[in-house]
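# Predicted model and sequence follow; I will ask about them next.
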Amino acid sequence: MKKVKKKTYNRKVMIIISVIVFIIVVFFVVRQLVGSFVYVKSEKNQKTESANVESNNKVSNDDNVIVHTYDLPEEEQNVAVPQMVYKITPTPKPMPSQTAFGYSVNGRTIGGWIFGSGSETIFFFGAIHGSEKGTVSTMNTFARYIFDNPAVVGKNKRIIIIPVANPDGYANSNRLNGHSVDINRNFDTAGWTPQGANDDFGGPSVFFEPESRLIRDLVSNYNVSTMIAFHSKGNLVHPEANQSSYDLAHLYSSYSGYRYYNEIVSYEGTATNWFREKRGGTSITVELTSHTSSDWTKNKPALLETIN
Ligand SMILES: [Zn+2]
């Protein structure tokens, strides 16, 4: 009897333990199933929302795999993220670095660019009068255009552009250089005197100024055949006194709309007059319509015609 009782007791214990184990197993299985269900549902909601809001999110065709475009830690996923506002401001392309040709009275670099490698060299410069700032914009825009469209330079051409021939004057919005000399009266022409036209001081002697010497040497070193000087604000094209200069001025006038003007008696000591007189070159002066505007739309067709 005692034995039977003990057996019955052991059986009861076994059943209780089995039930407990069963309950524990069922608990974990149910928990796992419910957890998976909630997870899948939540991911599907996220997918729908992201498809509606963020068309850039990559959602795979597999319902269980969602590729997010960003990965926040779980605790931050429900935190409101401040709206990012991007201001898209076009950044002007930086100008390519210049070749340094020399230095001004006050040590500023006089730089520019050389394009092409043909035998005919055309030299353009602006702001030999530092206050004529629009000419610098014309030259920079011209150079930028050639950098972006190098095919516009003719095969037989070499183009040299110096946007600021008088950097000391340009820095101070002053016509004159660091010696208070009008550089464009410091070139060696017949009849030169220190006191040039319009009371412009042309320096103590011809080519006394480093800026005029730089142009003289550049013309020689690069065997320049054509010089085009930019000034303002006469709204005209003026040739020096030879046939090739007349022809170029007529061409430039017809493409730009600037009036052809040949009634000025050439000033003594100017770069263009010196270039025609001492080098026999083709030489014109372009006067923009204002001291501040590049007149790019007027000059562009004329410049491109000149260099092709
Ligand atoms: Zn000028």
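Received, thanks.

# Give me the helices and strands touching the strand or helix carrying Thr306, please.
Using DSSP states H and E, Thr306 maps to helix 296-307. Contacts defined by 3 or more Cβ pairs under 8 Å, 6 or more residues apart in numbering; DSSP states H and E place helix 296-307 against strand 120-125, helix 134-148, helix 243-256. (Glycine included, C-beta is placed from N, CA and C.)

# can you put the ones you listed in a markdown table and add mean neighbour count?
Converted to a markdown table, the helices and strands packed on helix 296-307 look like this (neighbours: other Cβ atoms under 10 Å):
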| stretch | mean neighbour count |
| --- | --- |
| strand 120-125 | 23 |
| helix 134-148 | 20 |
| helix 243-256 | 18 |
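
# Stretch 133-147 close to the ion?
No - no part of stretch 133-147 sits near the ion under the criterion Cβ under 5 Å from the ion; the closest distance found is 8.0 Å.

# Contact partners for Asp295?
Asp295 makes contacts with Gly134, Thr138, Ser256, Leu288, Thr289, as judged by Cβ atoms under 8 Å, 6 or more residues apart in numbering.

# what do you get if the cut-off is 10 Å, keeping everything else the same?
134-135, 137-138, 141, 230, 232-233, 235, 256-258, 286-289, 302 (Cβ atoms under 10 Å, 6 or more residues apart in numbering).

# what does Val224 give?
120-123, 158, 160, 215, 218, 275, 279, 281-283.

# Get me the contact residues on the protein for the ion.
Checking the chain against the ion by Cβ under 5 Å from the ion, the hits are His129, Glu132, His231.

# Which members of those residues are positioned in strands?
Among these, DSSP state E puts His231 in strands.

# now the residues of the chain next to the ion in CSV, with distance to Asp295 and neighbour count?
Formatted as CSV, the residues of the chain next to the ion follow (distance: Cβ to Cβ, whole Å; neighbours: other Cβ atoms under 10 Å):
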residue, distance to Asp295, neighbour count
His129, 16, 25
Glu132, 12, 24
His231, 12, 22
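
# doesn't Phe115 make contact with Leu303?
No - using Cβ atoms under 10 Å, Leu303 makes no contact with Phe115, being 12.0 Å away.

# ok, those two, which is more surrounded?
Legend: neighbour count by other Cβ atoms under 10 Å for Leu303 and Phe115, higher for Leu303 (27 against 18).

# With adjacent residues omitted, what lies nearest to the residue in the stretch 51-200 of the chain positioned nearest to the ion?
Nearest residue of the stretch 51-200 of the chain to the ion: His129, at 3.5 Å (Cβ to the ion). Nearest non-adjacent residue to His129, counting by Cβ to Cβ, 6 or more residues apart in numbering: Arg175, 4.5 Å away.
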